[in-house]
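Peer 1: how would this look folded up:
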Amino acid sequence: MKRLSLNGALVGVIVLCLGGVAAALVSQYVFDMLPCPWCILQRVIFLTIALLALVALVLPGRPLKLGLSALGLTLAASGVAAAIYQNRVAAQEFSCNLTLADRIISALGLESAVPFLFRISASCMDAAVDLLGLPYEAWSGLLFVIVGGVLVLGLRAR
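Peer 2: Presented below is the predicted three-dimensional model:
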């Protein structure tokens, strides 16, 4: 069996992260599943991981690639934490206003800069939906775990 190279892992991470955001946009605009601040924060994390992977892919030198991959792995872990928080806490609350996710999105100015991608359209409780029997944020958390696993495989590549 052929081992995954670091560059192969980085390409895989880019595809997974952009695919996750694309799925979220299809859910939002085709199936009317409106995003809450925690949903949008997870989009930001996926896109940041994809950007780090792209930069690592084009940069020469293994140490830089490894450092950016490790940073991506840390962000994947934060994505898992965000998905768990959304499921266990935020989805039970009537309002997401002034939560960490809401403050981060507001501070970055993403909602006004790129509204089709980062507009908060629902409260956490209203955004709580199931997809194939699992909460939507569980799918996001699972994708973060997969992205983290691919990064680990890339970091272990020779």
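Peer 1: List the buried residues in the helix ranked longest in the chain.
Peer 2: Taking DSSP state H as the criterion, the chain has its longest helix at helix 62-88. Of the residues in helix 62-88, those buried by neighbour count under the rule 16 or more other C-beta atoms under 10 Å are 65, 68-69, 71-73, 75-76, 78-80, 82-83, 85-87. Backbone N, C-alpha and C define where each C-beta goes, glycine included.
Peer 1: Which of those sits closest to residue 122?
Peer 2: When the buried residues of helix 62-88 are compared for distance to residue 122 (C-beta to C-beta), residue 86 wins out at 12.0 Å.
Peer 1: And residue 134, its phi and psi?
Peer 2: phi -120, psi 140 (degrees, to the nearest 10).
Peer 1: re the thing from before, which strands and helices lie in contact with the longest helix of the chain?
Peer 2: helix 6-29, helix 37-58, helix 136-156 (3 or more C-beta pairs under 8 Å, 6 or more residues apart in numbering; DSSP states H and E).
Peer 1: what comes into contact with the shortest one?
Peer 2: Spelled out, it's helix 136-156. For helix 136-156, contacts defined as C-beta atoms under 8 Å, 6 or more residues apart in numbering pick out 4-6, 8-10, 12-13, 16-17, 20, 24, 27, 33, 38-39, 42, 45-46, 49, 66, 69-70, 72-73, 76-77, 79-80, 83-84, 86-87, 91, 127-131.
Peer 1: Alright, that wraps it up for me.
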